[in-house]
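In: task: produce atomic coordinates for the following.
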Amino acid sequence: MDTRWLARLPQACPEVAVRYDEPLAEHVSFRVGGPAAAMAFPADVAQLRALLAFCREEGLTPRLLGAGTNVLPPDEGVDTLVICLLGGLTALRREGDELVVGAGVPMARAAVFACEAGLTGLEFAHGIPGSMGGGICMNAGAYGGELCQVAVETAALRGGRVETVRGGAQGFGYRTSAFQDGTSVVVETRLRLAPGDPAAIRARMQELSARRRASQPLNLPSAGSTFKRPAGGYAAALIDGAGLKGLRVGGASVSEKHAGFVVNDGGATCADILALIAEIRRRVYDDSGILLEPEVRIW
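Out: Sure, this is the predicted structure:
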């Protein structure tokens, strides 16, 4: 690949913080992945727009990264620009019974902010480790709550312009949205919540956190649920039913605590994790006739 763009990037986007040969393993929760040729950290929408314009001019297809909690990057790294939104695009404010949340804000932080503001409806997001931008893109959810239940509109960069997408046009479905079209970059979303008692909201978040700690291997690197929920069942139950808890490839294994989690418990590589995912899919299909679909984003 032509790498002359690397020399042109600082001149094209002089205000943007950029790191070169940046280890992706330091930015994803699986703790795997080789270097990104360059990783940019836009502080605001103007810098993000400039980076995307640069990519269009150079013929680059950038990779977008939030908190990296649902991403599996390759061992050899990537030879394109990675744009990391975590820590930038940090708008977080209350407007009546609504919250305006920037794409780079962790969902847990937004949930705490809502609690302190006496707004209920976002408690489920407290234990989800991703950023709001990534959460909106995949319609993140847990314990019966999903962002589609509260997201009333989302602003996204499309072709250099910020467009506001409202209601059903956001295209939410199970772990999907209209913002997965390859041309949209979420910059901000508006969540409609309801007045509530902060003490009750906090108690609910603590209850959900305790349930997570009791049932999930939070002490090991992973990307959360590895597979999407199949129709009429649960991936973890199918994996457990096939006797796959503890199944290992290299440094990757199926969690003994929660069969729906593939974990890095011994210096796993991306290749280890991919091989284990493939083996799980094969064995579950042989056992149940159901082909599991990965939820983790494989770069």
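
In: what about the closest residue to Pro74 other than its chain neighbours, distance to Val262?
Out: Leaving aside its chain neighbours, Pro74 sits nearest to Cys270 (5.3 Å; criterion: Cβ to Cβ, 6 or more residues apart in numbering). (Each C-beta comes from the backbone N, C-alpha and C, glycine too.) Remark: distance between Cys270 and Val262 (Cβ to Cβ, to the nearest Å) = 12 Å.

In: between the two, which has more neighbouring residues?
Out: Neighbour totals were compared for Cys270 and Val262, and Val262 leads with 32 against 24 (other Cβ atoms under 10 Å).

In: quick check, the more buried one in a strand?
Out: Yes - secondary structure assignment places Val262 in a strand (DSSP: H, G, I helix; E, B strand; the rest coil).

In: mind listing what it touches?
Out: When contacts are counted by Cβ atoms under 8 Å, 6 or more residues apart in numbering, Val262 touches 222-223, 226, 252-255, 273, 276-277, 280.

In: and it, how far from Tyr234?
Out: Look at Val262 and Tyr234: by Cβ to Cβ, they are 15 Å apart.

In: shouldn't Arg49 be within a helix?
Out: Yes - counting by three-state DSSP, Arg49 falls inside a helix.

In: any chance you could map the helices in the stretch 1-150 of the chain?
Out: Here the stretch 1-150 of the chain has its helices, by DSSP state H, counting those that start in this stretch, at 5-12, 45-58, 107-116, 132-138.

In: which elements pack onto the shortest one?
Out: Spelled out, it's helix 132-138. In terms of contacts (3 or more Cβ pairs under 8 Å, 6 or more residues apart in numbering; DSSP states H and E), helix 132-138 is packed against strand 98-102, helix 107-116, strand 184-192.

In: can you list contacts of the second one?
Out: Taking Cβ under 8 Å, 6+ apart as the criterion, the residues outside helix 107-116 that touch it are 92, 94, 99, 101, 120-123, 125-132, 135, 140, 191, 193, 198, 201-202, 205.

In: neighbours of the nearest residue to Cys84 once chain neighbours are set aside, how many?
Out: In this structure, Cys84 finds its nearest non-sequential neighbour in Leu65, 4.6 Å apart by Cβ to Cβ, 6+ apart. By the criterion of other Cβ under 10 Å, Leu65 has 25 neighbours.

In: deepest-packed of the helices of the stretch 1-150 of the chain, please.
Out: Mean neighbour count (mean count of other Cβ atoms under 10 Å) peaks for helix 132-138 among the helices of the stretch 1-150 of the chain, with a mean of 28.

In: separation between the residue nearest to Gly87 when sequence neighbours are not counted and Gly224?
Out: Leaving aside its chain neighbours, Gly87 sits nearest to Gly104 (5.7 Å; criterion: Cβ to Cβ, 6+ apart). Using Cβ to Cβ, Gly104 is found at 19 Å from Gly224.

In: try Val262
Out: Distance from Val262 to Gly224, by Cβ to Cβ: 10 Å.

In: avg pLDDT for stretch 46-54?
Out: In this model, stretch 46-54 has an average pLDDT of 97.

In: hey, C-alpha coordinates of it in CSV?
Out: Output in CSV follows, covering the C-alpha atoms of stretch 46-54 (Å, rounded to 0.1, in the frame of the first residue of the first chain):
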residue,chain,number,x,y,z
ALA,A,46,-14.1,20.0,13.2
GLN,A,47,-11.0,17.8,13.6
LEU,A,48,-13.0,14.7,12.9
ARG,A,49,-14.4,16.3,9.7
ALA,A,50,-10.8,17.3,8.6
LEU,A,51,-9.6,13.7,9.2
LEU,A,52,-12.4,12.2,7.2
ALA,A,53,-11.9,14.7,4.4
PHE,A,54,-8.2,13.8,4.3
